[in-house]
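1. Next input, structure requested:
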Amino acid sequence: KGMYIVDDYLDGSITIYQEKTMKEYLAFDVGGTSVKYALCNEEGEVSSASKFKTPDTLDQMYLEMEKVVHNYSNVEGIALSMPGAVDSDEGIIYGSSAINYIHGPNIKEDLQNRFHKPVELENDANCAALAEVWKGVAKDENDCCFIVSGTGIGGAVIKDKHVHHGNALHGGEFGYMIMRYEPSEGKYYTWSDDGSTVAVTKRVAKELGKDYHDLDGKEIFDHANVNELYKKYVDEYYRTLAMGIYNLQYAYDPSMIVIGGAISTREELLDKVNEQLDIIFDQLTHAHVRPNIKVCKFGNDANLIGATYHYIQRHE
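-> From the prediction side, this is the model:
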């Protein structure tokens, strides 16, 4: 039940008191290929991290989780980061994701009955944002946006340090934003269509007459300065990212916009986005609110840390 501390005074008196024990939570980050898990304490510190392959069925998922929970019976509760449109109140995940079987069942209720511990779940992008708000680059901010840029565009809206889920649980689904209309095709293009890293690879492949699966997106970004074709579409990527950030700034007016996802590891990211924002503000002289852009602090542990913070918020 924790350590006991003894203070021994010169007058012969002593005081004995119990040292506060740090609360710990068991966090799971459920993804399409693997399920990561770790202990996370009330200071956001992660330990005992491991993972298992994402099972083929929900029952198998529950069994694998149960094996892990059995080894950490002293935790305060269970925190889950999940894909899809997560209803944290109901405990049900709507929408769609790479794991079809998680959509529909009441996962929160099922796991609480199985583990006899409190369980909380939240969307993975929201968890990544909460990690930054709790212990990351946005820890001093109340209202911010979080952009996840990878194979698509996702994100989160944070209001008063809590996730804004929206009426249809689509708060932060920035990838659906329309960024372009092509008259010759009569077609609208979303931010995910135009502004993902995969979009860059597809456009380069089309010009080269290749299958985009045969190209390495990282190599395209790495060599954009010496390859004009690569540069053309990498610059377009940063232009689209800057446009999205500009739009979010004027739609929500957050004090900070945090960029996460695979692109966040690139050293030139902020410089490139700010170059494009300079062009925007030079043209739109009536606009005076410059977005405060930061790169996320947390990488692989972000969802675990954010899921834990979500649990703590729900049990304050």
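2. can we go C-alpha only for contacts and neighbour counts from here?
-> Noted.
3. What residues of the longest helix seen in the chain count as buried?
-> Counting by DSSP state H, the longest helix found in the chain is helix 228-252. Using 16 or more other C-alpha atoms under 10 Å as the test for burial, helix 228-252 gives 229-231, 233-246, 248-249.
4. before we move on, what about stretch 82-93?
-> For stretch 82-93, by 16+ other C-alpha under 10 Å, it's M82, P83, G84, A85, V86, D87, S88, G91, I92, I93.
5. One more: stretch 145-157?
-> Under the neighbour-count criterion of 16+ other C-alpha under 10 Å, stretch 145-157 has C145, F146, I147, V148, S149, G150, G152, I153, G154, G155, A156, V157 buried.
6. want to throw the buried residues of stretch 82-93 into CSV with secondary structure?
-> Listed next are the buried residues of stretch 82-93 as CSV, based on DSSP: H, G, I helix; E, B strand; the rest coil:
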residue, secondary structure
M82, strand
P83, coil
G84, coil
A85, strand
V86, strand
D87, strand
S88, coil
G91, coil
I92, strand
I93, strand
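7. Among these, which one sits closest to E219?
-> Nearest to E219 out of the buried residues of stretch 82-93 is P83 (C-alpha to C-alpha; 28.2 Å).
8. Show the model's pLDDT score for the closest one.
-> We have a pLDDT of 94 for P83.
9. shouldn't it be in contact with C127?
-> No: with contact defined as C-alpha atoms under 8 Å, P83 does not reach C127; the gap is 10.2 Å.
10. Tell me which residues touch P291, please.
-> The contact partners of P291, taken as C-alpha atoms under 8 Å, 6 or more residues apart in numbering, are I245, Y246, Q249, S255, M256, I257.
11. ok, and the closest non-adjacent residue to the third one?
-> In space, not counting the residues next to it along the chain, Q249 is nearest to P291; the distance is 6.0 Å by C-alpha to C-alpha, 6 or more residues apart in numbering.
12. and the helix or strand hosting I158, which strands flank it?
-> Using DSSP states H and E, I158 sits within strand 153-159. Strands that pair with strand 153-159, judged by DSSP bridges, come out as strand 144-149 (antiparallel), strand 162-163 (antiparallel).
13. quick one: which of these is nearest S184?
-> Among the strands paired with strand 153-159, strand 144-149 sits nearest to S184 (C-alpha to C-alpha), with 27.8 Å.
14. the inter-axis angle of that closest one versus helix 228-252?
-> 150 degrees (axes from the mean of the first three to the mean of the last three C-alpha atoms, to 10 degrees).
15. Residues contacting strand 144-149, please?
-> Residues outside strand 144-149 that contact it (C-alpha under 8 Å, 6+ apart): 125, 129, 138, 153-159, 172, 174, 196-197, 248, 254-264.
16. In TSV, list the strands paired with strand 153-159 along with mean pLDDT and distance to T33.
-> Shown next, in TSV, are the strands paired with strand 153-159 (pLDDT from 0 to 100; distance: least, C-alpha to C-alpha, whole Å):
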stretch	mean pLDDT	distance to T33
strand 144-149	95	19
strand 162-163	97	26
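17. With distance to A287 as added columns, please give the ones you listed in a markdown table.
-> Output for these, formatted as a markdown table (distance: least, C-alpha to C-alpha, whole Å):
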| stretch | distance to A287 |
| --- | --- |
| strand 144-149 | 19 |
| strand 162-163 | 28 |
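18. V273 is in contact with L241, isn't it?
-> Yes: contact criterion C-alpha under 8 Å: V273 and L241 qualify, at 7.0 Å.
19. just to revisit the earlier point, what pairs with the helix or strand following the longest helix of the chain, parallel or antiparallel?
-> Remark: after helix 228-252, the chain's next helix or strand is strand 256-260, criterion DSSP H and E. Using DSSP bridges, the strands paired with strand 256-260 are strand 144-149 (parallel), strand 293-295 (parallel).
20. To H286, which of these lies closest?
-> With C-alpha to C-alpha as the criterion, H286 lies closest to strand 293-295 of the strands paired with strand 256-260, at 20.3 Å.
21. ok, and what's touching the closest one?
-> If you take C-alpha under 8 Å, 6+ apart as the criterion, strand 293-295 is touched by V137, M256, I257, V258, I259, G260, S264, L270.
22. neighbours around W191, how many?
-> Using other C-alpha atoms under 10 Å, W191 has 22 neighbouring residues.
23. dump the residue contacts of it.
-> By C-alpha under 8 Å, 6+ apart, the residues touching W191 are I153, F174, G175, Y176, M177, I178, M179, T240, G244.
24. want to try TSV for those residues, with distance to Q313 and pLDDT as columns?
-> Listed next are those as TSV, based on distance: C-alpha to C-alpha, whole Å; pLDDT from 0 to 100:
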residue	distance to Q313	pLDDT
I153	26	92
F174	24	95
G175	27	94
Y176	28	94
M177	29	96
I178	33	96
M179	35	95
T240	34	97
G244	29	97
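25. Looking at those residues, which two lie furthest apart in space?
-> Farthest-apart pair in the contacts of W191 is Y176 and T240; separation 13.5 Å (C-alpha to C-alpha).
26. This completes my enquiry, with thanks.
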